[in-house]
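1. Got a predicted structure here, sequence first:
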Amino acid sequence: MSKTTKPKIAVIEDSDFTRKSIINALEKAGYEVSADAKNAQEAYQAIQSSHADLFIIDVVMPEVSGIELAKKINEDFSNSRIIMMSSLNLESVVIESISSGAVDFLSKPFDMADLIKAVEKVEQEMKNDR
């Protein structure tokens, strides 16, 4: 991501409705969603070629948790950023998400305006780091 471009975003969420709602909100705000997936296995295949800078990941997914996926992404794509989300609004889930490399955490249900604010904050941090 250069200083003038917006980050490419990957959305990993097992709920089709939620995933599509997030994608629509991001695209309306002018962001490019370069990959989306409904589980960790599908996500990992998609993100290999998507060159995403920012990952928005649900914590609770079938088979492999979003937290495990976040750890793998941090190992393989160290310059990327992660925003975790979950309806499990437990302190332990938030702490584990941040420990896995997430820079922010959104509790579901959330307002799409809050999602955009979180993405804008991460975008600014990424520009400052370059």
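-> Thanks, I have it. Residues are numbered from 1 along each chain as shown.
2. make it CA atoms for all contacts and neighbour counts henceforth
-> OK.
3. okay, now Lys28: neighbour count?
-> As a burial measure, Lys28 scores 11 neighbours (other C-alpha atoms under 10 Å).
4. Now the lowest-mean-pLDDT helix or strand in the chain: buried residues?
-> In the chain, no helix or strand scores lower on mean pLDDT, DSSP states H and E than helix 40-50, which sits at a mean of 84. Judged by neighbour count (16 or more other C-alpha atoms under 10 Å), helix 40-50 contains these buried residues: Ala40, Ala43, Tyr44, Ala46, Ile47, Ser50.
5. Which residue comes closest to the last one once chain neighbours are left out?
-> Looking back up the chat, that one is Ser50. Ser34 (5.4 Å; C-alpha to C-alpha, 6 or more residues apart in numbering).
6. what does Ser87 give?
-> Once its chain neighbours are removed from consideration, Ser87 has its nearest residue in Lys108; the separation is 4.4 Å (C-alpha to C-alpha, 6+ apart).
7. my read: that neighbour touches Val60, true?
-> No - using C-alpha atoms under 8 Å, Lys108 is not in contact with Val60; the gap is 11.5 Å.
8. Just the angle for the helix or strand hosting Val11 relative to helix 40-50, thanks.
-> Element membership for Val11, per DSSP states H and E: strand 8-12. Taking axes from the mean of the first three to the mean of the last three C-alpha atoms, to 10 degrees, strand 8-12 and helix 40-50 form an angle of 170 degrees between their directions.
9. Using PDB, list the CA coordinates for the next helix or strand after strand 8-12.
-> Scanning forward in sequence from strand 8-12, with DSSP H and E defining helices and strands, the next element found is helix 16-28. This file holds the C-alpha atoms of helix 16-28, laid out as PDB (Å, rounded to 0.1, in the frame of the first residue of the first chain):
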ATOM      1  CA  ASP A  16     -23.000 -14.900   4.200                       C
ATOM      2  CA  PHE A  17     -25.300 -12.000   5.200                       C
ATOM      3  CA  THR A  18     -22.700 -10.400   7.500                       C
ATOM      4  CA  ARG A  19     -19.900 -10.900   5.000                       C
ATOM      5  CA  LYS A  20     -21.900  -9.300   2.200                       C
ATOM      6  CA  SER A  21     -23.000  -6.400   4.500                       C
ATOM      7  CA  ILE A  22     -19.400  -5.700   5.400                       C
ATOM      8  CA  ILE A  23     -18.200  -5.800   1.800                       C
ATOM      9  CA  ASN A  24     -21.000  -3.500   0.700                       C
ATOM     10  CA  ALA A  25     -20.200  -1.000   3.500                       C
ATOM     11  CA  LEU A  26     -16.500  -1.100   2.700                       C
ATOM     12  CA  GLU A  27     -17.100  -0.600  -1.100                       C
ATOM     13  CA  LYS A  28     -19.500   2.300  -0.400                       C
END
